[in-house]
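*Asks:* Using only what follows, build the 3D model:
(one chain, ligands or ions: 3)
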Amino acid sequence: MSLIVQKFGGTSVGSIERMRNVARRALATQKAGHDVVVIVSAMSGETNRLLGLAHELTKVPEAREMDVIAATGEQVSAGLVAMAIQAEGGKARSLLGHQVRILTDDAFTKARIKAIDSSKITETLKRGEIAVIAGFQGVDHHGDITTLGRGGSDTSAVAIAAAISASACEIYTDVDGVYTTDPNVCPSARKIDRISYEEMLELASLGAKVLQIRSVEIAMKYGVPLHVRSSFSEAEGTWVVKEESALEEVVVAGVAYDKGEARVHLVGIEDKPGMVADLFEQIAAKHMSVDMIIQTATTGAAERANITFTVAKTDLARGKAFLEEVATSVGAREVRYDEDVVKVSIVGLGMRSHAGVASKMFRILANEGINIQAIATSEIKVSCLIAAKYTELAVRALHDGFGLGQKT
Ligand code: ADP
Ligand code: ASP
Ligand code: MG
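*Replies:* Ligands and ions are numbered 1, 2, ... in the order given. Here you go, the predicted model:
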């Protein structure tokens, strides 16, 4: 007898009828001889609705209260899905984050799981019940409710699967699996049968929201086999697995995009040792994470430089006044912001052993008349910052330019 964790995203629990479908699937899995733990997201649109209510009251809401509000979406789903299982004749019990005891740190709205007490889950399963656990939420050492960041139910599911040594963690969503790029943006996107944890980690961190990045990190660390699949069909989805276990032989595995970053441009800072360190130390002290960075010497005027970097749009919203102070402290003459940008990226393990991948990406974008504003590379990815209006054009051109639409 094995233990299976099944996580259902917002669309999969988006209506009472869909919750019945979830109940039937969980019961069928139980009937096939498995212990079943179900993790649920809030009904689709609900988290946005709840956060929207808070923003109607205040522009920068307190993070602790945000979590009190946001966590209710998953509470409703957990109760309803447990009820749906009972209505189908099964046995189920809902559990909230603090009831399981999913202990997190106190970084409200983006908390990290520190420990999971599996005893409540095990007791529930022993009684022959399906445990229906609210995703996205935890509790800190003060007993305050926390949430794990957008898309955090994926992380709840994988962390619980690791804690109870589940034999697999199934992520049920509104697409058939992980695709070569977002299938809602690129019609020729193709479902990938198997992808490595490393590539999935890069795709997730570069914007492919099909899995939250933390969930992939945990799956990789604890070797949890992840199966991303559709809640609307029986078809096999995508297995996220170790690098050596069978991958498609391709240089570029996927294309991702991220509209969550904004560009900050500081003009004419003093060009002397320590300025860049000063600048980014102050930014780091404010817990703003910086992604791409470019420094250029200005022509003409001696000992001045320009710096361009990107930060999360959510950080920029609360940090403009602060950034202006910091800019002045390093002698900048002007600060400019651009929020109409997108970061498009290509990812693939094959890049380690192939030259010319970055230049091919630049040429594909150039052929579409798209200007590149910043570039970042690592061993298995290349990212370019471009104007947001070109998102779809760039994603499709890169996807097809690297031959991702056809099965190799
Ligand atoms: P859920 O509510 O089930 O967690 P999400 O909306 O968080 O679902 O994630 C699924 C969505 O991720 C898809 O509808 C798709 O638009 C998007 N997506 C982005 N990149 C990819 C990709 N490479 N493969 C599959 N889906 C992707
Ligand atoms: N409901 C949360 C969100 O919308 C968590 C999740 O669905 O994974 O971000
Ligand atoms: Mg999600």
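*Asks:* residues in this structure within reach of ligand 1, list them.
*Replies:* Contacts of the chain with ligand 1, taken as CB under 6 Å from any ligand atom, map to 9-12, 41, 151, 173-175, 178-179, 181-184, 203, 208-210, 254. Heads up, the C-betas are built off the backbone N, CA and C, glycines and all.
*Asks:* So the nearest residue to residue 336 once chain neighbours are set aside: helix, strand or coil?
*Replies:* In this structure, residue 336 finds its nearest non-sequential neighbour in residue 265, 4.3 Å apart by CB to CB, 6 or more residues apart in numbering. Classification of residue 265 by DSSP: H, G, I helix; E, B strand; the rest coil places it in strand.
*Asks:* what's around residue 265, how many residues?
*Replies:* Per other CB atoms under 10 Å, the neighbour tally for residue 265 reads 17.
*Asks:* Quick check: the gap between it and residue 141.
*Replies:* According to CB to CB, to the nearest Å, residue 265 and residue 141 sit 41 Å apart.
*Asks:* if we can go back for a sec, using ChimeraX, make a named selection holding only the buried ones among the residues of the chain next to ligand 1.
*Replies:* ChimeraX command restricting those to the buried ones, with burial defined by 16 or more other CB atoms under 10 Å:
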select :9,10,11,12,41,151,173,174,175,178,179,181,182,183,203,208,209,210,254
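*Asks:* Can you list the residue ranges for helices in the stretch 301-408 of the chain?
*Replies:* Assigned by DSSP state H, counting those that start in this stretch, the stretch 301-408 of the chain shows helices spanning 313-329, 357-367, 391-401.
*Asks:* Could I get the contacting residues of the residue nearest to residue 336?
*Replies:* By CB atoms under 8 Å, 6 or more residues apart in numbering, residue 265 lies in contact with 306, 307, 308, 335, 336, 337, 338.
*Asks:* Need the per-residue pLDDT for the closest residue to the fourth one other than its chain neighbours.
*Replies:* I take that to be residue 335. Spatially, and ignoring its direct neighbours in sequence, residue 335 is nearest to residue 327 (4.7 Å; CB to CB, 6+ apart). You'll see residue 327 listed with a pLDDT of 92.
*Asks:* tally of neighbours for residue 327?
*Replies:* Per other CB under 10 Å, the neighbour tally for residue 327 reads 22.
*Asks:* can you check residue 40 too?
*Replies:* Residue 40 has 33 neighbouring residues, counting by other CB under 10 Å.
*Asks:* Look up the residues forming beta bridges with it.
*Replies:* For residue 40, the beta-bridge partners are residue 8, residue 134 (DSSP bridges).
*Asks:* got a list of what it touches?
*Replies:* By CB under 8 Å, 6+ apart, the contact set of residue 40 is 7-8, 13, 22, 74, 77-78, 81, 132-135, 153.
*Asks:* do the same with residue 348
*Replies:* Shown here is residue 348, whose contacts under the criterion CB under 8 Å, 6+ apart are 199, 250, 251, 252, 253, 254, 357, 380, 381.
*Asks:* What's the separation between it and ligand 1?
*Replies:* 13 Å (CB to the nearest ligand atom, to the nearest Å).
*Asks:* Same question for residue 280.
*Replies:* 30 Å.
*Asks:* Please settle this for me: is that residue part of a helix?
*Replies:* Yes: under three-state DSSP, residue 280 falls within a helix.
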